[in-house]
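J.: quick one, what's the 3D model for this:
(one chain, ligands or ions: 2)
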Amino acid sequence: MIRVSVLGAGGRMGTEVVRALKGAQDMQTALLLGPDDDPAAINPSNTDVAVDFTSPDAVLGNTLTLIGQGVHSVIGTTGWTKERLDQVRQALDEHPGLSVFIAPNFAISAVLADRFAAMAARYFESAEVVELHHPDKVDAPSGTALGTASAIAEARRQAGMGPMPDATQQPDPSRGRVVDGVHVHAVRLRGLNAHEEILMGNPGEQLTIRADSFERVSFMPGVLLAVRRAGSIPGLTVGLDHYLF
Ligand SMILES: NC(=O)C1=CN([C@@H]2O[C@H](COP(=O)(O)OP(=O)(O)OC[C@H]3O[C@@H](n4cnc5c(N)ncnc54)[C@H](O)[C@@H]3O)[C@@H](O)[C@H]2O)C=CC1
Ligand SMILES: O=C(O)C1=N[C@H](C(=O)O)C[C@H](O)C1
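T.: Residues are numbered from 1 along each chain as shown. Ligands and ions are numbered 1, 2, ... in the order given. Purely as a prediction, here's the structure:
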C-alpha cells in the first residue's frame, strides 16, 4: 500500500484527491493537512508520497520542508517560477533518490492540448492562449497557460521564427500578459471550471485547440499515476508528459 498524505486536503482539489485515494486499491490516506497544520508532521514513518494542492504562497515552503523530511512530493499547486524551481533543485541535490513531481495540469486533455500546440506552433504566424476558469481561482494566468505559452515560444524558437505580427502601437493590458512573446488572456466566469483555448492563425486559416476540464475528477487519473510513479525519476520533474509519452 502506498501511504499518501495530502496538503490542502480540505480544498476543492484536496477533497477530490482524498476521494480518489479512497477508491484506489493500492493506496491509503495518511495525514490530511490544512493551513494550520505543520507540514513537518509528514515523515517517512507515516508517508510514502505527499500530494500538494494548496496555494501559490504556500507550496514552495511545503516542498522544501518535505524534501528535508525525505518524502516524495506530487504537486499540482501553481505559482512556480524558474527561480523557485531552482530552489527545489538545489534542495534535492542534498537528497539523492528523492523525487519532486510538479504538473501544471493533471488532465489528459490539457497535456495533449499542450503537445498539439507545440507540434503546430511552427506552422502558424500567430498564436495566442486564452485560459478560462472559475472565479474562485487566486492566480492568473493559469499555470497551464504559462506552460503552454512557453512551449509555443520554444517551438517557434527552434523553428527560427521571429516575433508574431501585431500592429498594436503601445503595450495595453487588453492584449493580455506577454509570456515569452506569446499573449495570454485570462477569463474568470462563474459556471466555468478549467478550460484553455490555443488559437493559431495564418493568412486565410485558423487552428483552434481546446481542452475542457468540466469537473475536477478529470485530474484524478493523472494524480494517481504520479503517486504510483513517485521516486521513479529522482530529482525534479515538471509535466505529466514525462509519464505519458
Ligand atoms: N495541476 C492541476 O491539474 C491542478 C492544479 N490546481 C491548482 O491547485 C491549487 C489549489 O486549487 P484549489 O483546490 O482549487 O484551491 P482551494 O483554495 O480550494 O484549496 C486550497 C486548500 O489549501 C489550503 N491551504 C492553504 N495553505 C495551506 C498550507 N500551507 N498547508 C495546507 N493547506 C493549505 C486552503 O485552506 C484550502 O483548503 C491551485 O494552485 C490551483 O491552481 C487546481 C486544479 C488542477
Ligand atoms: O485553479 C484551477 O482550477 C486550476 N489550476 C491549474 C492552473 O492554474 O493551470 C490547472 C487547471 O487549469 C485548474
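J.: confirm residue 112 sits in a helix?
T.: Yes: the assignment for residue 112 by DSSP: H, G, I helix; E, B strand; the rest coil puts it in a helix.
J.: helix/strand/coil for residue 67?
T.: Per three-state DSSP, residue 67 ends up helix.
J.: could you count how many residues lie near it?
T.: Residue crowding around residue 67 was assessed by other C-beta atoms under 10 Å; the count is 23. Any C-beta I mention is one placed from the backbone N, CA and C, and that applies to glycine too.
J.: do the same with residue 130
T.: Per other C-beta under 10 Å, the neighbour tally for residue 130 reads 19.
J.: so it makes contact with residue 196?
T.: Yes: Residue 130 lies in contact with residue 196 (C-beta atoms under 8 Å); the separation is 7.1 Å.
J.: nearest spatial neighbour of the residue of the chain at minimum distance from ligand 1, skipping sequence neighbours?
T.: Closest approach between the chain and ligand 1, counting by C-beta to the nearest ligand atom: residue 11, at 2.0 Å. Excluding the flanking residues, the one nearest residue 11 by C-beta to C-beta, 6 or more residues apart in numbering is residue 53, at 5.9 Å.
J.: and the one you found, how far is that from residue 31?
T.: Counting by C-beta to C-beta, to the nearest Å, the gap from residue 53 to residue 31 is 14 Å.
J.: likewise residue 11?
T.: For residue 11, the distance to residue 31 - C-beta to C-beta - is 15 Å.
J.: do the same with residue 7
T.: To residue 31, residue 7 is 9 Å away according to C-beta to C-beta.
J.: kindly report the same for residue 121.
T.: 42 Å.
J.: show me what from the chain comes close to ligand 1.
T.: 7-8, 10-14, 33-35, 53-56, 58, 62, 76-78, 103-106, 143, 219 (C-beta under 6 Å from any ligand atom).
J.: so how far is the longest helix belonging to the chain from its chain's centroid?
T.: For the chain, the longest helix by residue count, based on DSSP state H, is helix 143-158. Mean-position distance between helix 143-158 and its chain equals 13 Å (C-alpha atoms, centre = their mean, to the nearest Å).
J.: what's the next helix or strand after that helix packed up against?
T.: Going down the chain from helix 143-158, the next helix or strand is strand 177-179, by DSSP states H and E. Using 3 or more C-beta pairs under 8 Å, 6 or more residues apart in numbering; DSSP states H and E as the contact definition, the elements that strand 177-179 packs against are helix 143-158, strand 182-188.
J.: in TSV, list those along with mean pLDDT.
T.: Listed next are these as TSV, based on pLDDT from 0 to 100:
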stretch	mean pLDDT
helix 143-158	98
strand 182-188	98
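J.: pick the most deeply packed of those.
T.: Stretch with highest mean neighbour count among the helices and strands packed on strand 177-179: helix 143-158 (a mean of 21; mean count of other C-beta atoms under 10 Å).
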